[in-house]
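Q: return a 3D structure for these sequence lines:
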Amino acid sequence: MKKKDITILLVDDEQDILEIVGYNLEQEGYKVITASDGKEAISKAKKAIPQLIIMDVMMPEMDGMEACEHIRRIPELSNVIITFLTARSEDYSQVAGFEAGADDYITKPIKPKLLVSKVKALLRRLKTDEKTSDTLFVAGLEINREEYKIVKNGEELILPRKEFELLYLLASKPGKVFKREEILDKVWGNEVIVGGRTIDVHIRKLREKIDEELFKTIKGVGYKLEA
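A: Predicted coordinates:
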């Protein structure tokens, strides 16, 4: 996908952030639309169907966490890449962000060039999506990588992008014990820095949504944790 075909929704209640970040992204060739709160973000996301949403956490009307959860429940937006860009750097805030459905969590302040690099890293996943069309059938699940769709007992499950990619990775080699580093590399990529707790959060949510016994059938234990 060419840069001119990629739409990025930038959400922040600070006008200077919208202008500075928006300018740098537009200079890279991306189409940028903006919103100043969570409610406006949801409305504009429905209309534009962006490939990436960069969103602040603390905003009026509706904060970023709640907006992210709402967006993840909208079928046509279930595959959009979402990253928080916020001054909230506490561990619990980051965990809450990933649990809300975010793919990444970036803390302010950050230099524009570094932010653009992180955006490029996130958008590289689109290339992988375009090249992959495999469907896995494992443990009673149909996992369609091309459409980001999961069918369990005839019912479709909607998962956030990172949860889907993690499940697809684990289901692609049932029984294999994945090391933590391998999961981070294949699901998040070397360019995006996340903590080990991120994997724990996503694994736990998968077990809750898919069901513990079914998850064990897929992986046995699931993955290997190493210090």
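
Q: every contact and neighbour count from this point should use C-alpha atoms.
A: Noted.

Q: ok, Lys44 to Asp56 distance?
A: Taking Cα to Cα, to the nearest Å as the measure, Lys44 and Asp56 are separated by 15 Å.

Q: which one's more surrounded, these two?
A: Per other Cα atoms under 10 Å, whichever of Lys44 and Asp56 has more neighbours is Asp56, with 28 against 16.

Q: pLDDT wise, what is that one at?
A: Looking at Asp56, its pLDDT is 96.

Q: who's in contact with it?
A: Contact analysis of Asp56 by Cα atoms under 8 Å, 6 or more residues apart in numbering lists 11-13, 63-64, 84-86.

Q: remind me what the top helix by length along the chain packs against, helices and strands.
A: Longest helix in the chain by number of residues, with DSSP state H as the criterion: helix 112-131. Where contact means 3 or more Cα pairs under 8 Å, 6 or more residues apart in numbering; DSSP states H and E, helix 112-131 is packed against helix 15-27.

Q: which other helices and strands contact the helix it packs on?
A: Other elements packing on helix 15-27 under the criterion 3+ Cα pairs under 8 Å, 6+ apart are strand 7-11, strand 31-35, helix 112-131.

Q: tell me, please, the helix or strand in the chain that averages the lowest pLDDT.
A: For the chain, the helix or strand with the lowest mean confidence is helix 212-219, at a mean of 63 (criterion: mean pLDDT, DSSP states H and E).

Q: buried among the contacts of Asp56? Need that as a selection in ChimeraX.
A: Typed into ChimeraX, the line below selects the buried ones among these, using 16 or more other Cα atoms under 10 Å:
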select :11,12,13,63,64,84,85,86
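
Q: low-confidence regions, this structure specifically.
A: Within the chain, the segments meeting pLDDT under 70 span 127-133, 139, 174-175, 190-196, 212-227.
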